[in-house]
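In: Provide a 3D model corresponding to the input given below.
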Amino acid sequence: LVPAPAALAEHHWLTGDRQRAADAVRPCFDRAVEAELPWPVGELGYWLWRAGEPVELPDWAAAPYLLTVRGDWAGAADQSQRRGCTYPRAEALSHGDAPAAAEALALLDRLGAGAVARRLRAELRERGISGVARGPRPSTGANPSGLTARQLEVVGLLADGLSNADIARRLSLSVKTVDHHVSAVLGKLGVATRGRAAAVARDLGLVPPR
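Out: Sure, this is the predicted structure:
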């Protein structure tokens, strides 16, 4: 019973109807609590909370949702990352400060979750967080990562083993500009190292295989 009301709640949240979002999950949430089911309780309780409803999650609820509801968005994001769950990580980060929200938007754009990213941008503006990046231009949507044409060039050279200084010389850019492009590439691909960026880029077909 859980996936359908959770999906309905997210749909109503996307359209700005918080009351219907809460109504979609409340009956199933109560049953999940009675049955002591950690993940259903966590997910449905999270949507109640996100809809603005007062909710007390039991200590045994699934950790990523429990931590988010209790205000520890960083801990929730870390829990999701350990499990390799990118979308829940983005959800947790979306409740954080400006840098965390920016990372959440980058992950959502990478996943192609355009509707969620647009709703989050609106929420961030309501929260008074300035400097919210706009969504990717249409020209960046041709690849599954959301990388711009220049970033695709950079990741291709990065995958060839070039240093930032080498990339700068190859593309006639400053090293500082290349540093920014590399950081953006790592963020959009959701990785922490150049080696992982190269591997993910190959998996996505953005650069030729070895």
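In: show me what contacts the residue of the chain positioned farthest from its centre?
Out: In terms of distance from the mean C-alpha position of the chain, R169 ranks first, at 33.0 Å (CA atoms, centre = their mean). Not one residue lies near R169 by CB atoms under 8 Å, 6 or more residues apart in numbering. Yep, even glycine has a C-beta here, placed from its N, CA and C like the rest.
In: separation between it and A201?
Out: 21 Å (CB to CB, to the nearest Å).
In: ok, E123 next?
Out: Taken as CB to CB, the span from E123 to A201 is 31 Å.
In: now stretch 105-125: how far from the chain's centre is it?
Out: With CA atoms, centre = their mean, to the nearest Å as the basis, stretch 105-125 stands 8 Å off its chain's centre.
In: if you count neighbours, what's buried in it?
Out: 105-111, 113, 116-117, 119-121, 123-124 (16 or more other CB atoms under 10 Å).
In: which stretches of the chain form strands?
Out: For the chain, strands defined by DSSP state E do not occur.
In: in it, which spans are helices?
Out: In the chain, the helices defined using DSSP state H lie at 3-14, 18-35, 38-50, 63-69, 73-82, 86-93, 98-111, 114-126, 149-159, 164-171, 175-189, 194-203.
In: any chance of the ones you listed in a markdown table with mean pLDDT and distance to L57 as columns?
Out: Output for the helices of the chain, formatted as a markdown table (pLDDT from 0 to 100; distance: least, CB to CB, whole Å):
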| stretch | mean pLDDT | distance to L57 |
| --- | --- | --- |
| helix 3-14 | 90 | 15 |
| helix 18-35 | 93 | 9 |
| helix 38-50 | 95 | 5 |
| helix 63-69 | 94 | 5 |
| helix 73-82 | 93 | 12 |
| helix 86-93 | 92 | 14 |
| helix 98-111 | 87 | 21 |
| helix 114-126 | 82 | 21 |
| helix 149-159 | 88 | 39 |
| helix 164-171 | 91 | 45 |
| helix 175-189 | 88 | 30 |
| helix 194-203 | 84 | 33 |
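In: need those helices in JSON lines with distance to E56, can you?
Out: Output for the helices of the chain, formatted as JSON lines (distance: least, CB to CB, whole Å):
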{"stretch": "helix 3-14", "distance to E56": "18"}
{"stretch": "helix 18-35", "distance to E56": "10"}
{"stretch": "helix 38-50", "distance to E56": "8"}
{"stretch": "helix 63-69", "distance to E56": "9"}
{"stretch": "helix 73-82", "distance to E56": "17"}
{"stretch": "helix 86-93", "distance to E56": "19"}
{"stretch": "helix 98-111", "distance to E56": "25"}
{"stretch": "helix 114-126", "distance to E56": "23"}
{"stretch": "helix 149-159", "distance to E56": "44"}
{"stretch": "helix 164-171", "distance to E56": "49"}
{"stretch": "helix 175-189", "distance to E56": "35"}
{"stretch": "helix 194-203", "distance to E56": "39"}
